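> okay, here's the prediction I keep looking at, along with the sequence it came from:
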Amino acid sequence: MLQANFSGKLLEAGLDEAGRGCLAGPVVAAAVILPPDYHHTLLTDSKQLTKEQREILRSEIYKEAVCWAVGEVSHTEIDQLNILNASFLAMHRAVAKLALTPEYLIVDGNRFNAYQNIEHACIVKGDCKYFSIAAASVLAKTYRDDLMQTLALDYPHFGWEHNAGYPTVKHRAAIRAHGTSPHHRLTFRLLPEDLSAAEKIKKAERVV
């Protein structure tokens, strides 16, 4: 059973991201403040929900949340910052866009860069434990899935409308056949036989 609140603060925001493991597109994060007594029988980690369930929940979160916001960090920024720091930045951007300043942040995962002077807690598998984090996971995923569907219209080879940029067999086969798009993360290992740019540097340093 998920819980409504971790800190006891009224304005507690749950944070989660979508798209860390993708080969293309931005990483997206959401921040959601729910009423302190919020409860929903269906809401949980977005990965455990069907697309139809996520869409139903998205509408309900929009309606029931005290406030919510989405932040994104582009593929070029990911290549510059690395995906971990880019994920933190996406969360920071989401918090900055909230209509109300949270008193406390609860973050899915085990690491986070503090945002301004707001207290926070990292909660492993938090999207299965707290409603606000689960709500953030739903908003981040649905927002990003919509974005990748739009990008797929211009780059139909990669199947982003189905794989959202994740490293599926079809996605990687399309990279082999057609090369990369302007939205691919070039520091990622796009093909299994390739080394990422960062790995090539490390390998060169070991040889020297």
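Perfect, I can see it now.

> do a quick rundown of the helices in the protein.
Counting by DSSP state H, the chain has these helices, from start to end: 51-64, 75-81, 83-96, 131-154, 160-163, 169-178, 197-207.

> separation between A86 and L11?
With distances taken as C-beta to C-beta, to the nearest Å, A86 is found 26 Å from L11. Just so you know, the C-beta spots here come from the backbone N, C-alpha and C atoms, and that holds for glycine as well.

> quick one: which of the helices of the chain is nearest D108?
helix 131-154 (5.0 Å; C-beta to C-beta).

> CA atoms only: put that closest one into PDB for me.
The C-alpha coordinates for helix 131-154 follow below in PDB (Å, rounded to 0.1, in the frame of the first residue of the first chain):
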ATOM      1  CA  PHE A 131       1.700   8.500  -4.100                       C
ATOM      2  CA  SER A 132       3.400  11.800  -5.000                       C
ATOM      3  CA  ILE A 133       6.500  10.000  -6.400                       C
ATOM      4  CA  ALA A 134       4.200   7.600  -8.300                       C
ATOM      5  CA  ALA A 135       2.300  10.500  -9.700                       C
ATOM      6  CA  ALA A 136       5.500  12.200 -10.800                       C
ATOM      7  CA  SER A 137       6.500   8.900 -12.600                       C
ATOM      8  CA  VAL A 138       3.200   8.900 -14.400                       C
ATOM      9  CA  LEU A 139       3.500  12.600 -15.500                       C
ATOM     10  CA  ALA A 140       7.100  12.300 -16.500                       C
ATOM     11  CA  LYS A 141       6.500   9.100 -18.600                       C
ATOM     12  CA  THR A 142       3.300  10.300 -20.300                       C
ATOM     13  CA  TYR A 143       4.900  13.700 -21.200                       C
ATOM     14  CA  ARG A 144       8.000  12.000 -22.600                       C
ATOM     15  CA  ASP A 145       6.100   9.400 -24.500                       C
ATOM     16  CA  ASP A 146       4.000  12.100 -26.200                       C
ATOM     17  CA  LEU A 147       7.200  14.000 -27.100                       C
ATOM     18  CA  MET A 148       8.900  10.900 -28.600                       C
ATOM     19  CA  GLN A 149       5.700  10.200 -30.600                       C
ATOM     20  CA  THR A 150       5.900  13.700 -32.100                       C
ATOM     21  CA  LEU A 151       9.600  13.300 -32.900                       C
ATOM     22  CA  ALA A 152       8.900  10.000 -34.500                       C
ATOM     23  CA  LEU A 153       6.900  11.700 -37.200                       C
ATOM     24  CA  ASP A 154      10.100  13.200 -38.600                       C
END
